[in-house]
Structures are given as structure tokens and as C-alpha cells.
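Asks: need a 3D model of the following:
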Amino acid sequence: MFRPSHILTRSRTAVAAVRVRLRGRMLAIVQTAAAAVVAWELAVLLLPDPRPSFAAIAAVIAVGATHDQQARRAVQLVGGVVLGITVADILIGLIGTGAWQMGVLVLLAMSAAVALGAGEIVVVEAGVSAILLVALDPGAAEGFQISRIFEGVIGGGTALAVSAIFFPPDPALAPSRAAQAMFVELGRALERIAAALEARDVGAAERALSDARGIDSMVRSVEEELASGVETARYTPPRRASRSLLDRYERSIPQFDYAVRNTRVLARNVVTLVREHSDVPENLPGAVRDLSGAVWELAAAYDAPSHAEPGRALAVRAASEAATLPDERPDVVLVGGQVRSVAVDLVRAAELVAVDHDPHSERPTEELLVSANA
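Replies: Numbers count the residues shown, from 1 in each chain. This is a model prediction of the structure:
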């Protein structure tokens with residue numbers, strides 16, 4: 001039996017959950033509603049149709065595509081809407097309306113999109129728009145009306161304007177999230193490699209290798225989000241902080257890509273080392289742990305460039321420790337060499353994060369480490 005206090009507690013919990021769900025999506029919802037209203041009113045003013053439903057539909061579709069995504073995709077989606085409306089509008093006068101006619105219209109609209117080389121989502125939108133024309137427009141069978149095409153264009157243009165001017169997205173938000181997730185995994189992988197060396201644990205080293213292999217996909221995700229963010233920045237009002245942040249990511253992420261690859265090789269060599277020998281040089285785990293610390297510092301350097309110098313110093317210290325490893329054993333030499341390779345990647349990344357431009361200079365490794373250490 002439920003008591004009033006239990007009901008009240010559950011109600012409060014449900015309300016709190018609803019607030020959490022809406023908090024992250026409310027801006028997009030308001031943006032979509034505003035675009036639909038503005039597109040409708042513009043179409044009423046500019047076109048003879050008193051109920052321009054396709055203008056509002058195109059606006060809703062385009063806003064969904066522009067929210068934290070590429071504007072080019074929004075244009076493509078609106079193109080799908082216009083294509084579907086055009087094909088259906090031309091043919092309805094010939095074949096009429098009805099269930100089988102709708103099937104024919106969808107078939108032809110989607111086929112036209114495929115023939116034009118459109119992407120999958122554009123093909124789907126062409127088919128949906130053909131259905132909507134039959135379902136929403138009672139006068140569709142009266143013949144071709146070019147105003148419907150203009151409705152789609154007005155809706156798409158309105159969505160782009162509303163998104164870019166009134167609710168501009170932060171073009172650096174998604175790249176930053178993807179990059180920080182990648183930094184977390186890279187730092188953790190290096191920390192686990194250090195722990196495996198310290199414990200002489202083969203199983204831990206193999207798990208660290210598996211972790212390192214999984215970072216590649218995260219680098220690709222950063223690159224994709226970065227490309228999308230750079231394109232979004234072209235269509236939004238100037239955001240100086242975001243542009244600067246995007247520039248830092250563009251300059252340095254390729255260097256982190258090298259660091260991820262070298263970390264994977266480092267992990268593989270560590271597996272071999274701890275599997276074949278229980279004798280691990282005492283300063284080797286600390287050197288790898290310094291690399292992990294360098295990654296954490298550089299992750300913070302994008303918002304606070306002052307962290308680039310401590311990150312570079314830790315990477316240099318790791319390289320210096322690796323240089324003191326004994327050279328009698330090839331497996332130790334291989335691990336030490338990979339520590340230095342990762343360190344060099346991180347030092348170069350630190351320089352690219354700290355400056356306001358790409359220095360376009362690849363100094364020799366020894367010079368890079370010495371100058372960074374000075």
C-alpha cells in the first residue's frame with residue numbers, strides 16, 4: 001500500500017528526471033519551434049499558399065541537421081525535401097492520389113535521389129516528402145505548383161539563419177569533448193603500462209595494450225568532429241575563444257595521433273619485456289608515468305595554455321630517464337626508444353598548443369628535447 005509520502009517522493013523524483021532530460025535539449029527544441037514559426041510566416045508573406053506546411057516541415061528537418069552538425073548536411077536534407085516534393089507534385093496530376101499512387105511516388109522520388117548521387121538520408125527525406133505531399137495537401141492532385149518548392153527553400157534557409165544568428169552552436173564544443181575523451185584514454189593507457197612494468201604483470205601489460213589499440217578510433221572521432229566544427233564556424237557569428245580553440249586542436253591533434261600510435265608500439269614492447277624478463281629497470285615505470293602526466297597537463301592546456309609548459313617538461317623528463325636505461329638488453333632498448341618517441345610527440349604537441357600559429361619547423365629530436373629542457 002502506497003503512503004502519501006511515498007507518492008510525493010516518487011513524484012519529485014519523476015519531475016527531477018524530466019528536468020534533467022529537458023535541460024540538455026530545450027535549446028534545440030526552442031530553436032526548432034522558432035524556425036518552424038518564422039518559416040511559416042515568411043512563406044505566407046512571400047507565397048500565395050495560406051497554409052505553407054512544407055516550409056515549416058523543411059525548417060524542422062534542417063534545424064535537426066544543423067544542431068551541432070555540418071551545415072552542408074542541412075542543405076542536403078532540404079534538397080531531399082525539395083526533390084521529393086518536385087517529383088510528387090509533377091506526377092500526382094498524372095496518376096492521382098491513393099495508396100498505390102503513394103507507393104509509386106515514393107519509388108520514383110527515392111530513385112531520383114539515388115540517380116543524382118545523394119546520400120542515404122537525403123534519399124529517405126525525398127521519399128518522406130513525397131508521402132507528406134499526398135497526405136497533407138488536399139489540392140495536390142490539381143497539378144504542379146512551384147510554390148511548394150519555394151516553401152522547402154524558405155524553410156531550409158530560415159533554419160540556417162535561425163541556427164547561425166539567433167541560436168549559434170559552439171563549433172568547438174563537440175571537438176573538445178571528443179578530444180578530452182581521447183586524452184583520458186591515452187593518459188590511462190600510459191598509466192596502466194607504467195603499473196604493468198612496476199608489477200612485472202604480463203596480464204596487466206596485455207590489458208594496457210588492448211586499451212592502447214582502442215584509442216585509434218577515438219582519434220578518428222576527434223578528426224571528424226574537428227572537421228564538422230571548422231565548417232560550423234564558417235556559418236556562425238565570430239566566437240574568438242572557439243576559433244582559437246579550434247585552431248589549437250587543428251595544429252596539434254595530428255601530433256597526438258603519432259603519440260597514440262607510438263603508445264601502442266610501446267605497450268606491445270612492454271608485453272614482450274615483462275613476459276620474457278622479470279628484471280625491469282627501476283626508473284622505467286616512472287618514465288612512462290611522466291608521459292601520462294604530460295598527457296593530463298596537455299589536455300588542460302587547450303583551455304589554459306599555461307599548462308603546455310609543465311606538460312612539455314614532464315615529457316622531456318621521461319625522455320631523459322629513457323636515455324639512461326642500460327643498453328645491454330635489446331628489449332629494454334626497444335621500450336626506452338618508444339618512451340622517447342612518445343615524449344617527442346608530446347613535446348611537439350605542447351609547442352603547437354602553446355603558440356598561436358604552426359611553426360612549420362621539425363627540429364631534430366635531440367635539439368627538440370634539449371631546447372625544451374632548457
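
Asks: which SS class is Pro48?
Replies: Per DSSP: H, G, I helix; E, B strand; the rest coil, the local secondary structure of Pro48 is coil.

Asks: could you check how far it is from Gly156?
Replies: 20 Å (C-beta to C-beta, to the nearest Å). Glycine gets a C-beta too; all of them are placed from N, C-alpha and C.

Asks: before we move on, what about Arg340?
Replies: Counting by C-beta to C-beta, the gap from Arg340 to Gly156 is 53 Å.

Asks: I'd like the average pLDDT over the longest helix along the chain.
Replies: The residue-count maximum for a helix in the chain (DSSP state H) belongs to helix 240-276. Helix 240-276 shows a mean pLDDT of 89.

Asks: higher neighbour count, Pro48 and Gly156?
Replies: Gly156 (28 against 9; other C-beta atoms under 10 Å).

Asks: which elements pack onto the helix or strand hosting the more buried one?
Replies: If you go by DSSP states H and E, Gly156 is part of helix 146-161. Other elements packing on helix 146-161 under the criterion 3 or more C-beta pairs under 8 Å, 6 or more residues apart in numbering; DSSP states H and E are helix 26-46, helix 53-66, helix 71-95.

Asks: so the shortest one versus helix 146-161, what angle?
Replies: Interaxial angle of helix 53-66 relative to helix 146-161 (axes from the mean of the first three to the mean of the last three C-alpha atoms, to 10 degrees): 30 degrees.

Asks: can I get helix 53-66 as PDB, trimmed to CA atoms?
Replies: This file holds the C-alpha atoms of helix 53-66, laid out as PDB (Å, rounded to 0.1, in the frame of the first residue of the first chain):
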ATOM      1  CA  SER A  53       3.100  23.400 -44.300                       C
ATOM      2  CA  PHE A  54       6.200  22.300 -46.300                       C
ATOM      3  CA  ALA A  55       8.100  25.500 -45.300                       C
ATOM      4  CA  ALA A  56       7.600  24.600 -41.600                       C
ATOM      5  CA  ILE A  57       8.500  20.900 -42.300                       C
ATOM      6  CA  ALA A  58      11.700  21.800 -44.100                       C
ATOM      7  CA  ALA A  59      12.700  24.100 -41.300                       C
ATOM      8  CA  VAL A  60      12.200  21.400 -38.700                       C
ATOM      9  CA  ILE A  61      14.300  18.900 -40.700                       C
ATOM     10  CA  ALA A  62      17.100  21.400 -41.400                       C
ATOM     11  CA  VAL A  63      17.300  22.600 -37.800                       C
ATOM     12  CA  GLY A  64      17.700  19.000 -36.600                       C
ATOM     13  CA  ALA A  65      20.600  18.700 -39.000                       C
ATOM     14  CA  THR A  66      22.300  22.000 -38.100                       C
END
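
Asks: before we move on, back to that, tell me what the longest helix of the chain is packed against?
Replies: Identification of packing neighbours for helix 240-276 by 3+ C-beta pairs under 8 Å, 6+ apart yields helix 173-199, helix 202-213, helix 215-234, helix 283-301, helix 330-354.

Asks: just the angle between that helix and helix 215-234, please?
Replies: Using the same axes, to 10 degrees: helix 240-276 against helix 215-234 is 170 degrees.

Asks: Ala55 and Ile154 touch, don't they?
Replies: Yes. At 4.8 Å, Ala55 and Ile154 qualify as touching, with contact defined as C-beta atoms under 8 Å.

Asks: common neighbours of these two, please.
Replies: Ala39, Leu42, Ala43 (C-beta atoms under 8 Å, 6 or more residues apart in numbering).

Asks: how about the contacts made by the closest residue to the second one other than its chain neighbours?
Replies: Taking C-beta to C-beta, 6 or more residues apart in numbering, and ignoring the residues beside it in sequence, Leu42 has Ile154 as its nearest neighbour in space, at 5.4 Å. Residues near Ile154 by C-beta under 8 Å, 6+ apart: Ala39, Leu42, Ala43, Leu46, Leu47, Pro52, Ala55, Ala58.

Asks: buried members of these into PyMOL, please.
Replies: Buried residues within these, by 16 or more other C-beta atoms under 10 Å, are selected in PyMOL with:
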select buried, resi 39+42+43+47+52+55+58
